[in-house]
Structure formats: structure tokens, C-alpha cells
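Chemist: below is the structure, and that's it, no one-letter string:
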């Protein structure tokens, strides 16, 4: 395991990372643009409330709005950066969480089926959901939500699933 491999990712000596991503930035949702708009309103109010005779209550309200907007945007960004999707030559990983961490891990030989879903908006902005089903379960076991370029992730996964399911031809 290299020094740059995160501590939640447990690679064997023969295993290599073949695809890695985090959700598309759109996964941060409408809160970030809204929070940034609140910051902008706060800046305007803070600037408008400062007069030659001192600071008006409007300026203080503007500062509060700026701080609140930055906190909301910062939290969304931290959540986004702490969500990771990884496909290795042997396993799938999904990691999320800030204070507590949740890592879901599946061996490729357990994967029975995959599904790629993209809405119209997802196709326009280049994101979609890649869902994995395992043997013995009719329910999805793992979904990479709002994955950027999901067709690339699906292609890589299907390539390695083909390697896992194809028997090694060895003559004796």
C-alpha cells in the first residue's frame, strides 16, 4: 500500500486502483448557490450599513448573513469532499462521513449485475448513478450516486467484472 493510499482503503499487494472519483459537484445541491447568494447579500448589507458615524445594525446583520452563508457552503463542501468512490482490480469501495466514517466494500466476484441511470439533467451535466447488485440479493447493494462520467465508471467496472468471471485457460 502506497503512502498516498487512504487508511480506509485496504489494498492487497496485487490489487490496484483502476477508477476513483467523488460525486459530481452538482451533488452539493442548491444549498451552495443559495448560501453564496446569502453571502453576497450579507456583503452588500455590511457595506451599506457602514456610515461615517459608525456601524449600523444593518451592517451587523450583513456580517451575520455572510458568516451563516459561508458555514452552510463550507459544510456542503466538506460533505462532498469526504465522499469517495473507488473501483480496484478486485473490489468496490464507497466511503462517506466526516466525523464518523462509513465504508462499504464488495469483492468484484460477488457482483452479479450493474445498472447505469442518467436523467435528462444528468446527461446534460455529465453525471448519473451506477448501481451494483450482488449475488443472492434482488436489492441494490451499492450505488455510486451522481457519479461524474458514469459511463466511464461503468465501462471500467464491466471490464474488470469480465476479468473476474472469465476463467483462466490453463492446460495441464
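Modeler: Cool, the structure landed. Everything quoted here is computed from the prediction, not taken from an experiment.
Chemist: over to the closest residue in space to residue 98 that isn't next to it in sequence: give its phi and psi.
Modeler: The spatially closest residue to residue 98, leaving aside those adjacent along the chain, is residue 82, at 5.2 Å (Cβ to Cβ, 6 or more residues apart in numbering). All C-beta spots, glycine's among them, are computed from the backbone N, C-alpha and C. Recorded main-chain torsions at residue 82 are phi -100, psi 10, according to degrees, to the nearest 10.
Chemist: who are the neighbours in contact with residue 82?
Modeler: Each residue near residue 82 by Cβ atoms under 8 Å, 6 or more residues apart in numbering is listed here: 95-98.
Chemist: looking at these, which are in strands?
Modeler: 95-96 (DSSP state E).
Chemist: got JSON lines for the contacts of residue 82, with distance to residue 68, pLDDT and neighbour count too?
Modeler: Conversion of the contacts of residue 82 to JSON lines gives the following (distance: Cβ to Cβ, whole Å; pLDDT from 0 to 100; neighbours: other Cβ atoms under 10 Å):
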{"residue": "95", "distance to residue 68": "29", "pLDDT": "95", "neighbour count": "18"}
{"residue": "96", "distance to residue 68": "25", "pLDDT": "93", "neighbour count": "18"}
{"residue": "97", "distance to residue 68": "24", "pLDDT": "91", "neighbour count": "12"}
{"residue": "98", "distance to residue 68": "19", "pLDDT": "87", "neighbour count": "11"}
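Chemist: tabulate the contacts of residue 82 (a markdown table), appending distance to residue 116.
Modeler: Formatted as a markdown table, the entries for the contacts of residue 82 read as follows, by distance: Cβ to Cβ, whole Å:
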| residue | distance to residue 116 |
| --- | --- |
| 95 | 21 |
| 96 | 20 |
| 97 | 25 |
| 98 | 28 |
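Chemist: what stretches of this structure score poorly on pLDDT?
Modeler: The model of the chain has pLDDT under 70 over residues 1-4, 52-54, 165-172.
Chemist: ranges for the strands of it?
Modeler: If you assign secondary structure with DSSP E, the strands in the chain sit at 17-21, 50-51, 54-55, 84-88, 91-96, 102-107, 111-117, 127-134, 142-148.
Chemist: picking up where we left off before, biggest separation within the contacts of residue 82, which pair?
Modeler: Checked with Cβ to Cβ, those reach their widest spread between 95 and 98, with 11.2 Å between them.
Chemist: ok, and the closest non-adjacent residue to the spatially most central residue of the chain?
Modeler: Using Cα atoms, centre = their mean, the residue of the chain that lies closest to the mean C-alpha position is residue 23, 2.8 Å off. Among residues not flanking residue 23 along the chain, residue 146 sits closest, at 4.4 Å (Cβ to Cβ, 6+ apart).
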